[in-house]
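# Whatever this is, show me its structure:
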Amino acid sequence: MVSSVLPVSRVPDSRDAPALRWGIMGPGWIAERFAESVQAHSTQVIAAVGSRSLNRSKAFADAFGVPAAYGSYEELAAAPDIDIVYVCTPHNFHHAAALMAIDAGKHVLVEKPIGLNAAQARDIAARAKAAGVFAAEAMWSFFLPKFDVIRQVLDAGTLGTVTTVLAEYGEHFERGHRIFDPALAGGPLLDLGTYPLALITEVLGAPERLSAFGEPHESGVNAQLSAIMQFTGGGQAVMNTHLHNFTPTAATIVGSEATLTIDGPFNMPGGFELRFPDGTRLRHNEAAGGHVEGLHFEAAAVARAIAAGETETQQRPLASSIRTMDVADEIRRQVGIEFQGEGNAA
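Model (predicted):
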């Protein structure tokens, strides 16, 4: 029998979460969106900011009313008046920055991807566990209210046997963007491709077989890649990511009993539709939005987890982050993508 209603989101109001004192490591674009989001929609406190440039830290502090600005990552990690470090440095510094915070006894939220490869992700997880501190990847999509509803739909078996996941993410970037810089682990995989890969591995797990195809860019980074995956039980997935131009950033989860189509961009606040073979359609309506409307949910979830004495989040456990990076490593191996200073992900 087809259900007549969708479940409701169980995500609480972000303002009800206990406030943490956050230190931001790397005052770039995503750090700005994070500060805007938590200051507008939660009680979380941005207590300090650190950069390799004191001028950049001071400019960020002035813009967002942050009381402390440091001219090095080390100073921020050692600061006594912060509870958690939000790492939003360039990708190739995520691992070292996270370990710096962990070694200083701080909880840590690492902007996605959690590292350049699965080995770095495993190292962060192991070091955090040994230190007894919280660690998580800031894969913010999974903390949105709509993904809580999607998780309930999947857990209830409403889709039946999941057979197929289709997910893609393409975007246009101006030529001076860091995504074109080989020295900063550029290319679409880490910036964009982690979203479809995270969704695919969240729904279907780790693939048994994978075939990947890449296209180089004149800058020296990868321009586009596609992957076809097969999973235990016969499920399949297809993903594409590139830096050529904007796409719908669509995602569809197909099951034997129903199909779930997430409005594009699927990784941001918005709605989705459940469609059954008899023509029944169930709609989850959520106001479309971007990072400012959505990042506060992950901050609040992290604050609740830490207040409860937990060292991970249920929405994005470290094992899930590692699994996604394992798949990204295999894609890189097949396509031949290397990041400077790291070597090929074997």
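
# Can you give the contact residues for stretch 111-122?
By Cβ atoms under 8 Å, 6 or more residues apart in numbering, the surrounding residues in contact with stretch 111-122 are 30, 86-89, 91-92, 94-95, 98, 123-124, 137-140, 185, 190, 194, 198, 318, 321-322, 324-326, 328-329, 332, 339, 342, 345. Heads up, the C-betas are built off the backbone N, CA and C, glycines and all.

# Just the buried residues from these, in PyMOL please.
Here is the PyMOL command that selects the buried residues among those (16 or more other Cβ atoms under 10 Å):
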select buried, resi 30+86+87+88+89+91+92+94+95+98+124+137+138+139+140+185+190+194+198+318+321+322+324+325+326+328+329+332+339+345
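
# Given the helix or strand harbouring residue 85, what are its sheet partners and their directions?
In this structure, residue 85 sits in strand 84-87 according to DSSP states H and E. Sheet partners assigned to strand 84-87 using DSSP bridges are listed as strand 21-25 (parallel), strand 107-111 (parallel).

# Now tell me what touches that strand from outside.
Contacts of strand 84-87 (Cβ under 8 Å, 6+ apart): 20-26, 31, 34, 76-77, 93-94, 97-98, 101, 106-111, 134, 138, 302, 306.

# now with 6 Å?
20, 22-25, 94, 97-98, 101, 106-111 (Cβ atoms under 6 Å, 6 or more residues apart in numbering).

# angle of the helix or strand following it against strand 107-111?
For strand 84-87, the following helix or strand on the C-terminal side (DSSP H and E) is helix 94-103. Between helix 94-103 and strand 107-111, the angle formed by their directions is 170 degrees, by axes from the mean of the first three to the mean of the last three Cα atoms, to 10 degrees.

# Give me the helices and strands touching helix 94-103, please.
Identification of packing neighbours for helix 94-103 by 3 or more Cβ pairs under 6 Å, 6 or more residues apart in numbering; DSSP states H and E yields helix 73-78, strand 84-87, strand 107-111, helix 118-131.

# Determine which of these approaches residue 66 most closely.
Taking Cβ to Cβ, helix 73-78 is the member of the helices and strands packed on helix 94-103 nearest to residue 66, at 11.1 Å.

# Can you check what pLDDT the model gives the most centrally placed residue in the chain?
In the chain, the centroid-proximal residue (Cα atoms, centre = their mean) is residue 139; its distance is 2.0 Å. We have a pLDDT of 98 for residue 139.

# who touches it in this structure?
With Cβ under 6 Å, 6+ apart, residue 139 has these contacts: 112, 198, 316.

# Please repeat the previous calculation with a cut-off of 10 Å.
Residue 139 makes contact with 110-114, 147, 194-195, 198-199, 202, 267, 298, 313, 315-316, 320-321, 324, according to Cβ atoms under 10 Å, 6 or more residues apart in numbering.

# Residue 104 too?
23, 74, 76, 77, 78, 79, 80, 82, 85, 131, 133.

# Tell me how far it lies from residue 111.
18 Å (Cβ to Cβ, to the nearest Å).
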